[in-house]
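Student: Here is my input; please provide its structure:
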Amino acid sequence: MSWVSRTRAKVHQESVRRVLPNMESVIIEEAMMLPQEAFNRLRKQYSFSLLLKIIRNYLKKARADIILGITADDLYAPQLNFISGQAELPG
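Tutor: Numbers count the residues shown, from 1 in each chain. The predicted structure follows:
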(Lines give C-alpha, C1' and ligand atoms only; values in the text may rest on other atoms or scores of the structure.)
Protein backbone atom coordinates (compact mmCIF):
# COMPACT_ATOMS: atom_id res chain seq x y z
CA MET A 1 0.00 0.00 0.00
CA SER A 2 1.24 3.47 -0.78
CA TRP A 3 0.62 6.55 1.30
CA VAL A 4 -0.12 10.18 0.62
CA SER A 5 2.14 12.81 2.12
CA ARG A 6 0.84 15.37 4.58
CA THR A 7 1.82 18.08 2.08
CA ARG A 8 -0.39 16.56 -0.60
CA ALA A 9 -3.23 16.15 1.92
CA LYS A 10 -2.95 19.86 2.82
CA VAL A 11 -3.18 20.82 -0.87
CA HIS A 12 -6.42 18.84 -1.17
CA GLN A 13 -7.70 20.30 2.10
CA GLU A 14 -7.19 23.84 0.76
CA SER A 15 -9.01 22.93 -2.46
CA VAL A 16 -11.98 21.66 -0.46
CA ARG A 17 -11.98 24.84 1.65
CA ARG A 18 -12.19 26.99 -1.48
CA VAL A 19 -15.23 25.04 -2.72
CA LEU A 20 -16.88 24.57 0.70
CA PRO A 21 -15.70 27.56 2.78
CA ASN A 22 -18.13 26.97 5.66
CA MET A 23 -17.21 23.30 6.06
CA GLU A 24 -14.77 22.32 8.78
CA SER A 25 -12.01 20.06 7.50
CA VAL A 26 -9.59 17.92 9.45
CA ILE A 27 -6.68 15.80 8.28
CA ILE A 28 -6.63 12.46 10.05
CA GLU A 29 -3.02 11.53 10.60
CA GLU A 30 -3.54 7.79 10.88
CA ALA A 31 -3.50 5.93 7.60
CA MET A 32 -6.41 3.71 6.76
CA MET A 33 -4.95 0.45 5.53
CA LEU A 34 -6.37 -0.95 2.32
CA PRO A 35 -7.65 -4.46 3.08
CA GLN A 36 -6.12 -7.39 1.23
CA GLU A 37 -9.58 -8.70 0.34
CA ALA A 38 -10.09 -5.56 -1.77
CA PHE A 39 -6.99 -6.37 -3.85
CA ASN A 40 -7.66 -8.13 -7.15
CA ARG A 41 -4.50 -10.09 -7.96
CA LEU A 42 -5.38 -10.51 -11.65
CA ARG A 43 -5.93 -6.79 -12.16
CA LYS A 44 -3.28 -5.73 -9.62
CA GLN A 45 -5.74 -3.09 -8.42
CA TYR A 46 -8.00 -2.44 -5.44
CA SER A 47 -11.77 -2.66 -5.78
CA PHE A 48 -13.29 0.71 -5.03
CA SER A 49 -16.65 -0.91 -4.22
CA LEU A 50 -15.14 -2.81 -1.30
CA LEU A 51 -13.22 0.24 -0.12
CA LEU A 52 -16.39 2.33 -0.21
CA LYS A 53 -18.02 -0.03 2.29
CA ILE A 54 -15.13 0.53 4.69
CA ILE A 55 -15.26 4.30 4.16
CA ARG A 56 -19.01 4.29 4.92
CA ASN A 57 -18.33 2.58 8.27
CA TYR A 58 -15.56 5.07 9.02
CA LEU A 59 -17.93 7.92 8.19
CA LYS A 60 -20.40 6.68 10.81
CA LYS A 61 -17.69 6.31 13.47
CA ALA A 62 -16.21 9.74 12.72
CA ARG A 63 -19.65 11.37 12.89
CA ALA A 64 -18.72 13.33 9.79
CA ASP A 65 -20.87 14.49 6.92
CA ILE A 66 -18.20 14.10 4.26
CA ILE A 67 -15.00 12.10 4.03
CA LEU A 68 -12.47 12.64 1.28
CA GLY A 69 -10.19 9.64 0.89
CA ILE A 70 -6.94 10.08 -0.99
CA THR A 71 -4.72 7.25 -2.12
CA ALA A 72 -1.83 6.73 -4.48
CA ASP A 73 -2.92 3.12 -5.00
CA ASP A 74 -4.53 1.92 -8.21
CA LEU A 75 -8.32 1.54 -7.89
CA TYR A 76 -10.95 0.17 -10.24
CA ALA A 77 -14.72 0.05 -10.45
CA PRO A 78 -16.87 -2.49 -12.33
CA GLN A 79 -16.52 -2.07 -16.10
CA LEU A 80 -13.79 0.52 -15.74
CA ASN A 81 -10.05 -0.08 -16.06
CA PHE A 82 -9.30 2.55 -13.43
CA ILE A 83 -10.89 5.45 -11.63
CA SER A 84 -9.40 8.82 -10.83
CA GLY A 85 -12.31 9.83 -8.60
CA GLN A 86 -15.68 8.62 -7.49
CA ALA A 87 -18.35 10.02 -5.21
CA GLU A 88 -21.44 8.84 -3.43
CA LEU A 89 -24.35 11.00 -2.36
CA PRO A 90 -25.13 11.75 0.33
CA GLY A 91 -21.64 11.63 1.68
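
Student: now the strands for the protein?
Tutor: Secondary structure of the chain by DSSP state E: the strands cover 39-40, 45-47, 75-76.

Student: Direction included, what does the second one pair against?
Tutor: In its sheet, strand 45-47 lies beside strand 39-40 (antiparallel), strand 75-76 (parallel), with partners assigned from DSSP bridges.

Student: what's in contact with that strand?
Tutor: Residues outside strand 45-47 that contact it (C-beta atoms under 8 Å, 6 or more residues apart in numbering): L34, A38, F39, N40, D73, D74, L75, Y76, A77, F82. All C-beta spots, glycine's among them, are computed from the backbone N, C-alpha and C.

Student: Tell me the buried residues within the residues you listed.
Tutor: L34, A38, F39, L75, Y76 (16 or more other C-beta atoms under 10 Å).

Student: how about a markdown table for the strands of the chain, with mean pLDDT added?
Tutor: What follows is these, written out as a markdown table (pLDDT from 0 to 100):
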| stretch | mean pLDDT |
| --- | --- |
| strand 39-40 | 93 |
| strand 45-47 | 92 |
| strand 75-76 | 90 |
